[in-house]
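Participant: Fold the following for me, if possible:
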Amino acid sequence: MNDRAIDQHAAPIGRVLSVTGSQAHVRLAVDSDERMTVGKFLGISAGPAIVVGVITKIALDPNGEFATGALDMLGEIKDGERGPFFQRGVTEYPMIGDAVSAITPRELRLIFDLSGPGTIDIGTLQQDQSIHAYINVDDMVRKHFAVFGTTGVGKSSGVSVLLRQILEAKSDIRVFLLDPHNEYGHCFDDRAQVLSPKNLKLPFWLFNFEEIVDVFFRGRPGVEEEVEILSEVIPIAKVMFQPTTGQQTRRLVRNDPKSSGVTIDTPVPYRLEDLIHLIDERMGKLENRAMWARYHRLITRIETARNDPRYGFMFDNANVGGDTMVETISTLFRLPQNGVPMTIMQLAGFPAEVVDSVASVLLRMAFEFGLWSDGAFPLLVVCEEAHRYAPADRSIGFGPTRKAVSRIAKEGRKYGVFLGLITQRPAELDATIISQCSTLFAMRMANDRDQAIVRSAVSDAAGSLIGFVPSLGTREVFAFGEGVALPTRLRFMQLDHAHIPHSEAVTRASMDSAKGVDVGFLVSVVERWRGATLSSQTRARPTGAVHGGPDDFSDLDMLAGSEFSRLKTDSVPAAPIPPPAQPVAGPRPSTMTPDAYYFPVDPPARQPFQKVRK
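Facilitator: Numbers count the residues shown, from 1 in each chain. Just a heads-up that it's a prediction; the model follows:
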């Protein structure tokens, strides 16, 4: 039948000129009341169906009487036993001369209004803001998703909308968010715990061999001879530390690791004292001075990391409580959730040289917990700045982190571990991992390489829609893939001001208030700066998990930006600049690398020569 299945009164505004496998070229009237332009949906009456397409190109006919347009065919509306319905793909191709009409609001609702128990409302359609944009939450989450967009387009706000709606719709899922800029801590009220170096306990023995080597060598490639020594002594140290059940004691047993079944990557506790003792014991048996130096450097590296207060989240009291792996997993992944189903891991406070190692441990544990629990507790892992963890250039980045992300992308859905990727540079993210994401949200991107990556990841029928991406407005996004009925241009809903993500380091207000900085304020900053490298025993660490709870408080390590905002109301009296401390020759404190030293600027006064009496 040629009449519309949905609206019998839709007036034709054009005719079909030609048809290819995925496109139809149409002739449109230029004097129509409808505003025909790129991005508009049209319907073609094709026998028993209405073929739905979107205009991707339009131009005026040389004679000036008509406009010709290219229409990407995306799906069709048909009559069924329960009334009209929409399906993706085209089974009834239009013929030359078939009537073309604008899609009516009633038909748009039929296509996009998927409201129901398995969907979430994330905003409105750009074409008709009275129609809400719904996403199939199961298809989006269980088959992975990605959000792309340059800085300033509302990407973080869109991610916050998505995660808030997911938490509302899926009471059984846990969300684990890697937050490299500390933006999301206030976005989820009391439904999220916020972890940072100040309240995280991540024992060093949970790091596998590659990860702990990265920690000891401060993010640089390990020295081959020293790495070989570590590979020999770490399994022995693990066998030596065997806490007994029921008693807080430990037995020293000099068993062969092979006979005990312990490997270099087995996540069981061991003590750094035992590790250093084993290396020192081997060093004492050496006669070759050159070989002795390697062992000595390795001991220095280990002690440097252990004594560095910035690494306190790894080494502080790591073995006092014995095997704390169950407690750590419970805290990280909210098991049981107790009304707090989300964890926000703030990475901005971690030492830059170990951020990759920490991310690797967390991502690997998320996957392996899903693997060994047979997917009993669904977990959504969301990676902000995902190109940092799995860069397209395999010569950069940290291999174990890339491997952890890749395993979740390729195998995670089998074990209830799902992935959400957020990045402003998809061209710098591993294309193989992007291809595993079935739902893509593309916000404004001007870079041609970024657009090409997204174009290659969507279906051919929707590929031409990427041409709209450079002109999208703030909070506008093109959604592609399994989670949406059609490739859709939509606008994310507006969040309350209190829930909009922003960096907790330095805000605009704090930058403006910096005009009133005086010497007294600089003295307080220097004291805090130095305090960050003093023994962490003098600083209390919060033990509470939930953000905003009684144990969540600001510590002395907060960035100086928080001080700037107080200058407007709290004037600090000027103070004289204290004289600089007299430098002391010799090696730096434990925060230095083992082979770095500093010396005073002025050499010490030469002492008069004295003869030594015989």
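Participant: Look at Arg297 and say how many residues are nearby.
Facilitator: Burial measure for Arg297: 15 neighbouring residues, criterion other C-beta atoms under 10 Å. In short, each C-beta sits where N, CA and C put it, glycine included.
Participant: Output the contacting helices and strands for the helix or strand hosting Leu178.
Facilitator: Assessed by DSSP states H and E, Leu178 sits inside strand 174-179. Packed against strand 174-179 by the contact rule (3 or more C-beta pairs under 8 Å, 6 or more residues apart in numbering; DSSP states H and E) you find helix 155-169, helix 325-333, strand 342-346, helix 355-372, strand 379-384.
Participant: could you point out which element follows that strand?
Facilitator: strand 192-195.
Participant: Dump that following strand to PDB, keeping only the CA atoms.
Facilitator: Taking Å, rounded to 0.1, in the frame of the first residue of the first chain, the C-alpha atoms of strand 192-195 are listed here in PDB:
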ATOM      1  CA  ALA A 192      29.600   6.800  45.600                       C
ATOM      2  CA  GLN A 193      32.600   6.300  47.700                       C
ATOM      3  CA  VAL A 194      35.700   8.400  46.800                       C
ATOM      4  CA  LEU A 195      39.100   6.700  47.100                       C
END
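Participant: and Phe85, how many neighbours?
Facilitator: Count around Phe85 with other C-beta under 10 Å applied: 14.
Participant: any idea which of the helices and strands packed on strand 174-179 is most buried?
Facilitator: Each of the helices and strands packed on strand 174-179 was scored by mean neighbour count; the highest is strand 379-384, a mean of 26, by mean count of other C-beta atoms under 10 Å.
Participant: so what's Arg455 closest to, chain neighbours aside?
Facilitator: In this structure, Arg455 finds its nearest non-sequential neighbour in Ile466, 4.5 Å apart by C-beta to C-beta, 6 or more residues apart in numbering.
Participant: In three-state terms, how would Ile77 be classified?
Facilitator: Of the three states, Ile77 takes strand under DSSP: H, G, I helix; E, B strand; the rest coil.
Participant: I'd say it and Ile111 touch.
Facilitator: Yes - using C-beta atoms under 8 Å, Ile77 is in contact with Ile111, at 7.5 Å.
Participant: which neighbours do the two share?
Facilitator: Both Ile77 and Ile111 are contacted by Val52, Phe86, under the criterion C-beta atoms under 8 Å, 6 or more residues apart in numbering.
Participant: Arg449 is in contact with Ala427, correct?
Facilitator: Yes - judged on C-beta under 8 Å, Ala427 makes contact with Arg449 at a distance of 3.8 Å.
Participant: So for these two, which sits in the more crowded spot?
Facilitator: For Ala427 versus Arg449, neighbours defined as other C-beta under 10 Å are more numerous around Ala427 (19 against 12).
Participant: any idea how far Val159 is from the more buried one?
Facilitator: 20 Å (C-beta to C-beta, to the nearest Å).
Participant: Next, count neighbours for Gln494.
Facilitator: If we define neighbours as other C-beta under 10 Å, then Gln494 has 12 of them.
Participant: again with the one 4 residues further on
Facilitator: Ala498: 8 surrounding residues under other C-beta under 10 Å.
Participant: before we move on, what about Val194?
Facilitator: Neighbourhood size, Val194 [other C-beta under 10 Å]: 27.
Participant: on that earlier part again, quick one: which of the helices and strands packed on strand 174-179 is nearest Arg142?
Facilitator: When these are compared by C-beta to C-beta, strand 379-384 sits nearest Arg142, at 9.4 Å.
Participant: What strands flank the closest one, and is each parallel or antiparallel?
Facilitator: Strand 379-384 sits in its sheet next to strand 174-179 (parallel), strand 417-423 (parallel), going by DSSP bridges.
Participant: Now tabulate those strands in a markdown table and tack on mean neighbour count.
Facilitator: Formatted as a markdown table, these follow (neighbours: other C-beta atoms under 10 Å):
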| stretch | mean neighbour count |
| --- | --- |
| strand 174-179 | 24 |
| strand 417-423 | 25 |
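Participant: Mean pLDDT and distance to Phe207 added to these, as JSON lines?
Facilitator: Output for those, formatted as JSON lines (pLDDT from 0 to 100; distance: least, C-beta to C-beta, whole Å):
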{"stretch": "strand 174-179", "mean pLDDT": "96", "distance to Phe207": "17"}
{"stretch": "strand 417-423", "mean pLDDT": "95", "distance to Phe207": "20"}
